[in-house]
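Participant: This is a predicted model, with the sequence first.
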Amino acid sequence: RRPLEPWPGAGTPPGSLPASPGLSGWAASSLAARECGDSNITERVSQLQETMKLRIRALEDEQHRQWVHMQKALLTFMEALGEQAATMREAADCAVKRQLAVDLEYMREGVRDAATRSVEETLEAGLSELRSAMQEVTGH
């Protein structure tokens, strides 16, 4: 942080301006009042500068607090996304496994049906040959 610098002329000592020639008593008392007023102005400017420093510091602190809050929120969001991605991977894995199980069962049924048909056809062919052989032996 850079320290705030005073307003131009704020540190000018009272009465440093050249006096006009022929000041009367009224002008001297007016100059004294002005010097007192300059002192009050300098004090008020100094107070204003301090107030502004405090406000700027408060704004910087608030900005920092909000930045930390945003970082935490982003981290929480990223963690949630990671959890969602893991959940989606698990769901996809389960869906693939279920589909593979269905496909495997379908293939088993197909192989079993094909094997059953093949055995039935082989048995029918053997039975037909046996009947033919028996008819030849019996003559019918």
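Facilitator: Good, I have the coordinates.

Participant: Report the secondary structure element holding residue 61.
Facilitator: helix 25-138 (DSSP states H and E).

Participant: Quick check: residue 139 vs residue 130, distance?
Facilitator: 16 Å (C-beta to C-beta, to the nearest Å). For the C-beta atoms, the positions are set from N, CA and C on the backbone; glycine is no exception.

Participant: Where does pLDDT dip in the chain?
Facilitator: Under the criterion pLDDT under 70, the flagged ranges of the chain are 1-37, 140.

Participant: Show me the residue at the heart of it, geometrically.
Facilitator: residue 74 (3.0 Å; C-alpha atoms, centre = their mean).

Participant: got the contact list for that one?
Facilitator: Residues counted as contacts of residue 74 (C-beta atoms under 8 Å, 6 or more residues apart in numbering): none.

Participant: what about residue 77, neighbour count?
Facilitator: If you count neighbours by other C-beta atoms under 10 Å, residue 77 ends up with 10.

Participant: Also the one 10 residues further on?
Facilitator: Neighbour count of residue 87, defined by other C-beta under 10 Å: 10.

Participant: contacting residues around it?
Facilitator: Here residue 87 is in contact with no residue (C-beta under 8 Å, 6+ apart).
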